[in-house]
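# Give me the fold of what follows.
(one chain, ligands or ions: 1)
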Amino acid sequence: MKIKRYKKVNRHLNFYVNNFGFRQPYQILLDGTFCLGALNNKINISDNIPRYLQGELKLLTSQCAIIEMENLGSKLGGALIILKKFPVHKCGHEGKPVAASKCLLSMLGDCNPNHYIVASQDRELQNNVRNMVGVPLLYLHGKTPVLEQPSQVSVEATKNKEGLSITERQMLDKLKLESGLVNESDKPKKKKKKGPNPLSCKKKKNKPQEVGKIVKNVEAKNKRRKIRIAQHVKEILFNKKT
Ligand SMILES: [Zn+2]
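Okay, here's the model as predicted:
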């Protein structure tokens, strides 16, 4: 898989991890249409989808989805066999099966508490999922699995007062740091005051070489923290030599 694609999936998944509490193993709720898509494109779901999502998965379906495929007749027998391989999650329609799309939507509830990722080729179901908050959508584009970017309603739902989502906030902080917009003298300065204590060199008064060493160490340590030692501190340290 191309790195760009890998990054994209990661970014989309992280959105749900950071904002909606998704955790591995991710639960993928499959229907018959997805299995049919996989069969037509000669894709092995159990191999391809975990590889694509780069994580541990639980692939599962519902009784209603299986019953719907059974009712659609022998033409879809191949897809039915695939669908039946996956564990069945309770959907609450036992004894009173409903259409697969309706069933899956009811399993998502109002806020997808079980953190399902819906895998379907059913356009109508896909559109319904897009209008829900916090439900990732997975489908096949030919042979290629696609985890759709978080829908607008999901993104809107995660925005805070500043109008930024958690992920956007983090990204902004990172960008500010990288571009130097964050004033380096802000935080580090406070640390600097605490940092190199000139008195710590006091005992080494008579060993100028070691003082030099210590100064070097302090400098190295501070370099790692991206803190520059202020001139006046340096002066204090070097004055201890004499
Ligand atoms: Zn059901």
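# Next, find the distance separating residue 59 from residue 73.
Computed as C-beta to C-beta, to the nearest Å, the residue 59 to residue 73 distance reads 24 Å. Heads up, the C-betas are built off the backbone N, CA and C, glycines and all.
# Hmm, I typed the wrong one, I wanted residue 96.
Per C-beta to C-beta, residue 96 is found 22 Å from residue 73.
# continuing past the strand or helix carrying residue 38, what's the next helix or strand?
Using DSSP states H and E, the element containing residue 38 is helix 32-40. Next helix or strand after helix 32-40 toward the C-terminus (DSSP H and E): helix 45-53.
# neighbouring contacts of that following helix?
Residues outside helix 45-53 that contact it (C-beta atoms under 8 Å, 6 or more residues apart in numbering): 1, 9, 13, 26, 28, 30, 34-35, 38, 56-57, 59, 82, 85, 119, 138, 145, 147.
# Compute the inter-axis angle for it and helix 32-40.
For helix 45-53 against helix 32-40, the angle by axes from the mean of the first three to the mean of the last three C-alpha atoms, to 10 degrees is 100 degrees.
# Buried residues, helix 45-53. List them.
Of all the residues in helix 45-53, those buried under the rule 16 or more other C-beta atoms under 10 Å are 45, 48, 49, 50, 52, 53.
# any low-confidence regions in this structure?
1, 160-168, 183-229, 232-234, 236-242 (pLDDT under 70).
# how does it look with 50?
Segments of the chain classed as low confidence (criterion: pLDDT under 50) are 187-191, 201, 204-205, 207, 241-242.
# which stretches of it form helices?
Using DSSP state H, the helices found in the chain span residues 3-20, 32-40, 45-53, 63-71, 77-84, 100-108, 123-130, 152-157, 166-179, 187-194, 208-224, 231-239.
# Between residue 59 and residue 73, which has more neighbouring residues?
Neighbours of residue 59 and residue 73, each counted by other C-beta atoms under 10 Å, are more numerous for residue 59; the result is 20 against 9.
# doesn't residue 28 make contact with that one?
Yes: with contacts counted by C-beta atoms under 8 Å, residue 59 reaches residue 28, the gap being 5.0 Å.
# re the thing from before, name the residues of the helix holding residue 38 that are buried.
For helix 32-40, by 16+ other C-beta under 10 Å, it's 32, 33, 34, 35, 36, 37, 38, 39.
# want to try TSV for the residues you listed, with distance to residue 21 as columns?
What follows is the buried residues of helix 32-40, written out as TSV (distance: C-beta to C-beta, whole Å):
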residue	distance to residue 21
32	29
33	28
34	24
35	28
36	31
37	29
38	28
39	33
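# Relative to residue 173, which of those residues is nearest.
Using C-beta to C-beta, residue 34 comes nearest to residue 173 of the buried residues of helix 32-40, at 37.8 Å.
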